[in-house]
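Asker: with the sequence up front, the predicted model follows.
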Amino acid sequence: MSWSGTWGIVLRQFYLMRGSPTRLLPMFAWVAIDIVLWGYITRYLDTLTQAGGALLPSLLGAVLLWDLFSRVMQGITTSFLEDVWSRNFLNLFASPLSVTDYVAGLVLTSLIGSAIGLIVMLVLAMGIFDLSFVSYGLLLIPFLLVLFLFGIALGIFASAMVLRLGPASEWLVWPIPALLSPFAGVFYPLSTLPGWMQAVGHALPPSYVFEGMRSIVAGQPFEAHTLLWGLGLAVGQILLAAVCFKWVFRYSIRSGLLARYSAESVA
């Protein structure tokens, strides 16, 4: 792995954003809309249920953390799709850039953008709704780490899917977070789900984050070591996603798909 190649991918994305302010807007706009919208919804629900303020940190915290995961995943896939839209693959891989450098550059670009979005979310949540994350204590760090890692795994896998199926398959990528949210128990405990959905949920690292978050907010005991299982799942899924991307990349070279890559390539 060459850090110069990885950093080159990051610089390319930086220059794209610098030259097109419209690419910067989604980094802040949707984050702000989500926090403000869900913040006022939960504040209103608090007044109806007389939850004594427990609903706000539980629901708004879940929105914030799930939004963070989505930003990490979409940051990787959007950076990848920039190369798809500009037909830039042959230019990139005609250079000494390796596939490992390329994927690492996409991941690093996404992490930088997601960190900026996280800061915006925290400022809005604390400034407007007085939402404090002090109650999570040091567990906030592994919570964020698990979500970052799972977002990376899913972003790499989604990019491999687009590389294999063609640019038209990008429409299969955007709904993925919404499709996973019912199984991950973002807004409710996994125990409310039927057995087969719980089995799927236990295979998703974010489910351990949200179960822990609800326990802490409700003042109930939480076994922190369960996060280790979620962390292990996330790391394992990153490795599987990386192997998948590398296999698809090699296939696209052997089959000539990389050279023929066009908007009509869907098979």
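Answerer: All right, it came through fine.
Asker: next secondary structure after the strand or helix carrying G155?
Answerer: With secondary structure defined by DSSP states H and E, G155 is part of helix 140-165. Following helix 140-165 in sequence order, the next helix or strand is helix 176-184 (DSSP H and E).
Asker: what residues sit buried inside that following helix?
Answerer: 176-177, 180-181, 183-184 (16 or more other C-beta atoms under 10 Å). (C-beta placed from N, C-alpha, C; glycine too.)
Asker: again, but for stretch 111-125
Answerer: By neighbour count with 16+ other C-beta under 10 Å, stretch 111-125 contains the buried residues 111, 113-114, 117-118, 121, 124-125.
Asker: ok, so of these, who is nearest E170?
Answerer: The shortest distance between E170 and any of the buried residues of stretch 111-125, using C-beta to C-beta, involves G113 and amounts to 18.3 Å.
Asker: what's near enough to touch the nearest residue to the closest one once chain neighbours are set aside?
Answerer: When the adjacent residues along the chain are set aside, G113 lies closest to G75, with 4.8 Å between them (C-beta to C-beta, 6 or more residues apart in numbering). The contact partners of G75, taken as C-beta atoms under 8 Å, 6 or more residues apart in numbering, are 109-111, 113-114, 151, 155.
Asker: cutoff 6 Å now
Answerer: The contact partners of G75, by C-beta atoms under 6 Å, 6 or more residues apart in numbering, come to 110, 113-114.
Asker: in the stretch 151-267 of the chain, which spans are helices?
Answerer: Counting by DSSP state H, counting those that start in this stretch, the stretch 151-267 of the chain forms helices over residues 176-184, 195-202, 205-217, 226-254, given from the N-terminal end onward.
Asker: show the average pLDDT along the shortest one.
Answerer: Translated: helix 195-202. Averaging pLDDT along helix 195-202 yields 89.
Asker: 128 is where my numbering starts, stick with that
Answerer: Taking 128 as the first residue, the last one we looked at is helix 322-329.
Asker: contacts made by it with the rest, please.
Answerer: Helix 322-329 is contacted from outside by 310, 312, 317, 334, using C-beta under 6 Å, 6+ apart.
Asker: my read: the last one touches V313, true?
Answerer: Right, the one you point to is S334. No. Taking C-beta atoms under 6 Å as the contact criterion, S334 and V313 are not neighbours in contact, 8.6 Å apart.
Asker: for those two, indicate the residue with more neighbours.
Answerer: Comparing S334 with V313 by neighbour count (other C-beta atoms under 10 Å), the higher total belongs to S334, at 25 against 20.
Asker: show the pLDDT at the more buried one.
Answerer: According to the model, S334 carries a pLDDT of 91.
Asker: need the helix or strand of this protein with the lowest average pLDDT.
Answerer: Ranked by mean pLDDT, DSSP states H and E, the weakest helix or strand in the chain is helix 152-176, scoring a mean of 59.
Asker: helix or strand for the residue nearest to G240, which one?
Answerer: Using DSSP H and E, the element containing G202 is helix 182-212.
Asker: so I255 versus W323, what's the distance?
Answerer: In this structure, I255 and W323 are separated by 39 Å, where distance is defined by C-beta to C-beta, to the nearest Å.
Asker: more neighbours: these two, which one.
Answerer: Neighbour totals were compared for I255 and W323, and I255 leads with 14 against 9 (other C-beta under 10 Å).
Asker: who are the contact partners of the more buried one?
Answerer: By C-beta under 6 Å, 6+ apart, I255 lies in contact with nothing.
Asker: name the element it belongs to?
Answerer: The secondary structure element spanning I255 is helix 226-256 (assigned by DSSP H and E).
Asker: all good on my end, thank you.
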